Every structure is written in C-alpha cells, then in structure tokens.
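[1] Predicted model follows, preceded by the sequence.
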Amino acid sequence: MSFRGDDQNPDLNKNPSHGPNPPSTKKRPPSWSNVWLKNTKPLKHMVVAMQLQSLSPPDDPKSKTLSPNIFPMDSTLLLSDELLLRIFAKLPDSQRKSISLVCKRWLNLQGRLVRTLKVLDWNFVLSGRLIHRFPNLNHVDLVPGSFISPRNSGIYLSHRLVSMHIDSGFYPNWCFGEEKNLLPVDVIDSGLKALASGCPNLRKLQVIGVSEVGLLSVAEECSTLQELELLKCDDNVLRGIAACENLQILKLVANVDGFYSSVVSDIGLTILAQGCKRLVKLELSGCEGSFDGIKAIGQCCQMLEELTLSDHRMDDGWLAAISFCENLKTLRIQSCKWIDLNPGPEEHLGSCFALERLHLYKCQLRNKNSMGAIFPVCRAAKEIIIQDCWGLDDSMFSFASICRWVKLLSLEGCSLLTTEGLESAIQSWKDLQSLRVVSCKNIKDSEISPSLATIFTTLKELRWSPDTKSLLPSSLLEVSMGKRGGKLFRRT
C-alpha cells in the first residue's frame, strides 16, 4: 500500500524547497526597560554630570550646573553667594521669609541676613541649630523661650515686661516665673554659653534667670556686647555683668509683681558701677537701693547720660545722689508709687546742672516732699514731660516754677491741674517755646487770662486740647497767635 505525500500534506507542494514551517508564536509587546536601554545617551549625560559635580570643589559654580540637555539651567547658580546676598538685602522684610522656600541654598543665604531673633524654643539653642541657621545674629531675645508654658494654650498672659502662655488651672500661692514654670538656671547657662560661642558679634541680648557663670561666658566670648536686658537678677548675678567692659546700655528688671521676685540692692549697684564704667543708658526696674548705690553709679559711670527708674523700691534719700551724675541729661521716672518720701533738706539735695530732660510717666505725685525735691534737683531741665500722673494739682506743680530754662512743657492726663496753676508756674519761663496740654479736664478755655494769652503768642508750637470740647475763644485769634512762632505752630 502506497501513500502520496502531496495528497496528505498539501503544504509541502506549495514550498517544496523548504522544510516544514516552525510553529507560530505571539509577538510580545516591548518592555519599558528595553525602551529605556535602547536610548542611553541622556542617562550617560546625567551620570557624567553627577561625577563631575562630585569631583569639583564645593564652591565651584560649575559643580552645581548640569547639562542643558537634561534639565533647564538655573541661572541663579551662576551668581555667587555674595551677589545673591546683596540682592536679597534689597528686598523688604516681608519678602525675605518667602525666598527661603525656593531651595536649600536660598534658605541658608536668607539665614545669613537675619540679625534679630526672638527664641521661642530653648532646644533650638541647645541643639546648635540656631547658630547653624542664623550665623550672623547680633540681637537675640531669649526671654520667651525660657518659660515652661504650653504653646497650644489659648490663654496668653501679657505684662509690660514679661509675656507667656499659661494653663487654665491656677494653684494657690503660685507665682509666675518661679522655678515651676521657668527653666533651671543650669539649662539657661548652657544655652547662653552655646549662643555666645557661636555669635561672637552679639551686640544686644535679652535673658532671664541666668547666673553669674552664664553672663561670664557672654562677657568672654562677646566682647562687642553693647546692650543687655536682664530679668530676674540679683546682686550675685551682677558680678557677671561687671565683666562686660564695653556695655553701654543696661536694663535691670529685678522684681515684677505677680511674675517673680528678686533683689538688687546697693551691693549689686556698687558692683555694677565699678565694672561697667562705659554705661550711657541705665534702667533700673523693681530694684532696691538707696543713696549709696546711686552715688556709686554717678561717681563711676561718668559717661551716663540717661537714667530711668521704673517701679523702684529705693529707700528714702536716694534723690540727693542724682547730683553726683554730672553728665546726666535725661532723668525718667515711670510707674512708681512714690519718688522719694523723705529726700532730706533742700541744701543737701544738690542739683544736676547738665540735666536737660525730666520725664514723669504714670507716677504717684501726691507727696509734697517728693515734688519739692525733684524739681530743685532738675532745675536746669529744658524739657519737662508729665503724662498720666496721679495727684498733680496746682500746689504740686507750683514747685516747677524753679525750673527757669524750660523750653518745652508737655502735660497729658493731669486731671487735677487747673488753668490758674498752669499759668502761675510758667509765667516766669522766659525761654518757653513749646506747650502741649492734652486731656487735662480742669484746664478751661474760659479761664485763659490775658497774661496767659500773651504767653501763647510767643510760642513756636502750641497744642491745646485739654478736653474734647476745648476750643480757643475768638479773642485769642485777634492777637495773631503763632505769628512769631514760625511754621511749627499748631492749634487743635
């Protein structure tokens, strides 16, 4: 039996020269890896650029540029850091914060422009991030970050000198600022030492609860420190301040009612006077002391030009020591319950002949001994400003008549002073050029005498608004007020 191959397999007849066809297979789609590897030219460019960047010096601008075939070139990479800093310095402060979000380089450059900083988190100081982030600081406020307080609390306690967040729960006999809610002294000293080592050009510092050791580290590292504000300090702490030889402006806040209590006495003031002989401005807030402490400051700090006493707790007789401040130009007393209840006889008070300005803010002026002493001591004053003081009536203000060289008098919120009392005190002031009377309700327009109106005509500046209904009478308009005064004359 025979078989015919062409009948059994017809495909062989169609192509007899080739063998049987291979089995059919489905075509697979190309994978992403095959497509990527077929064109490796961009990848090679990137690898080469990264290698060149790693081999180049860090400051080389070429190391920060990649091939234009890969990414669009950042044109700011061609600018040096110094040039970018000069550009950023021209921007307003509101835009400097936003430029730090562009890239890490701009973030670092923006940190180099920051000069003033208020610290809210003490760990930011201890970790060294503050120095790394802001290497050119010259003014640092460490007070807000020194309190242990809940940041997410909706209760914010604010004082003229201290502010902080507090819990809703109050405990009996609990005082703000004491050990319970203020960082330990050694922690504050450690942070202050870290700050001083990283900011040798520090010029202004505000700190609370520091010890003598912490201030000594600042004195050693920051020789250019010129301004210091120290809260919660005592006599021992002032030994560290005495090492700051170039200090020119100092503010001591010894005691703040309701927040903390500490004592600065004549001992501390004497230590301060012997160490900080270049002081130009000194503010004593909540400090104790007496004649001896103020006298030591006057004798040792011969460059002192401005002295401010706020909420003082000085003993009687301290006012007589002002005469030892031979170059004092400004005496400012504010928020004091009394000035000097027993200043002593007038012949022992003396006078500060260099004094030009006497400012009284929010003080109790009810004591005749105090008022009878403060004006003779400041008899050379050319500027007297009394604002929101209680008890200043005609009898108290009459002591100001001894100040014969006053050129500017400003009275605001003196509700007991009358028109007659004002006139009796200033009628002998031949050099008076500026007069401001604001919110003094017992000074009436209808009580202005012809002699007082004559004084008004000689003034260069007059601001007359003793109350909201005050209006100078038409008779004063006929005397041509202000013609001799010049362009600074104002009438409201």
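    On my side now, so go ahead.

[2] any low-confidence regions in this structure?
    Scanning the chain for pLDDT under 70 picks out 1-79, 81, 84-85, 87-91, 93-102, 104, 106-112, 149-180, 468-492.

[3] okay, now the domains of it?
    Per automatic domain parsing, the domain ranges recorded for the chain read 75-113, 116-432+443-452.

[4] Pull up the pairing partners for the helix or strand containing residue 309, direction included.
    Following DSSP states H and E, one finds residue 309 within strand 306-310. Strand 306-310 sits in its sheet next to strand 281-285 (parallel), strand 330-334 (parallel), going by DSSP bridges.

[5] Okay, buried residues for it please.
    306, 307, 308, 309, 310 (16 or more other C-beta atoms under 10 Å). Glycine gets a C-beta too; all of them are placed from N, C-alpha and C.

[6] again with stretch 186-204
    Per 16+ other C-beta under 10 Å, stretch 186-204 contains these buried residues: 188-196, 198-199, 202-204.

[7] about what we covered before: tell me which of the strands paired with strand 306-310 sits nearest to residue 350.
    strand 330-334 (13.4 Å; C-beta to C-beta).

[8] can you pull the buried residues of the one helix or strand residue 220 maps to?
    Using DSSP H and E, residue 220 maps to helix 212-221. Neighbour-count burial for helix 212-221, counted by 16+ other C-beta under 10 Å, picks out 212, 214, 215, 216, 217, 218, 219, 221.

[9] Just send the buried residues of strand 306-310 back as a markdown table, with distance to residue 270 too.
    Below are the buried residues of strand 306-310 laid out as a markdown table (distance: C-beta to C-beta, whole Å):
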| residue | distance to residue 270 |
| --- | --- |
| 306 | 20 |
| 307 | 16 |
| 308 | 19 |
| 309 | 17 |
| 310 | 20 |
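
[10] of those, closest to residue 261?
    Among the buried residues of strand 306-310, and counting by C-beta to C-beta, the member closest to residue 261 is residue 310, at 15.7 Å.

[11] quick one: contacts for that closest one?
    283, 284, 285, 286, 333, 334, 335, 336 (C-beta atoms under 8 Å, 6 or more residues apart in numbering).

[12] Which entries within these meet the buried criterion?
    283, 284, 285, 286, 333, 334, 335, 336.

[13] Which two of those have the greatest separation?
    Largest separation among the buried ones among the contacts of residue 310 by C-beta to C-beta: 286 and 333, giving 13.6 Å.

[14] Overlap in contacts, these two.
    310, 312.

[15] in stretch 124-144, what's buried?
    124-125, 130-131, 133-134, 137-144.

[16] which pair in those spans the largest distance?
    133 and 143 (19.7 Å).

[17] so where do the helices sit in the stretch 151-300 of the chain?
    185-198, 212-221, 238-241, 266-275, 291-300 (DSSP state H, counting those that start in this stretch).

[18] Dump those to a markdown table, plus distance to residue 256.
    Listed next are these as a markdown table, based on distance: least, C-beta to C-beta, whole Å:
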| stretch | distance to residue 256 |
| --- | --- |
| helix 185-198 | 17 |
| helix 212-221 | 20 |
| helix 238-241 | 17 |
| helix 266-275 | 17 |
| helix 291-300 | 20 |
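
[19] Do a quick rundown of the strands in the stretch 101-250 of the chain.
    Applying DSSP state E, counting those that start in this stretch to the stretch 101-250 of the chain gives strands spanning 116-118, 139-141, 155-158, 163-166, 204-208, 227-231, 249-253.

[20] Which one of the helices of the stretch 151-300 of the chain lies nearest to residue 260?
    helix 185-198 (12.8 Å).

[21] separation between residue 350 and residue 270?
    Note on residue 350: its distance to residue 270, by C-beta to C-beta, to the nearest Å, is 20 Å.

[22] Check residue 315 too.
    Taking C-beta to C-beta, one finds residue 315 at 15 Å from residue 270.

[23] Of the two, which one has the most company?
    Neighbour count, other C-beta atoms under 10 Å: between residue 315 and residue 270, residue 270 has more, with 20 against 17.

[24] Run through the residues that contact the more buried one.
    So residue 270 contacts 292, 293, 296 (C-beta under 8 Å, 6+ apart).

[25] any chance of those residues in TSV, plus neighbour count?
    Listed next are those as TSV, based on neighbours: other C-beta atoms under 10 Å:
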residue	neighbour count
292	17
293	26
296	20
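
[26] Sounds good, over and out.
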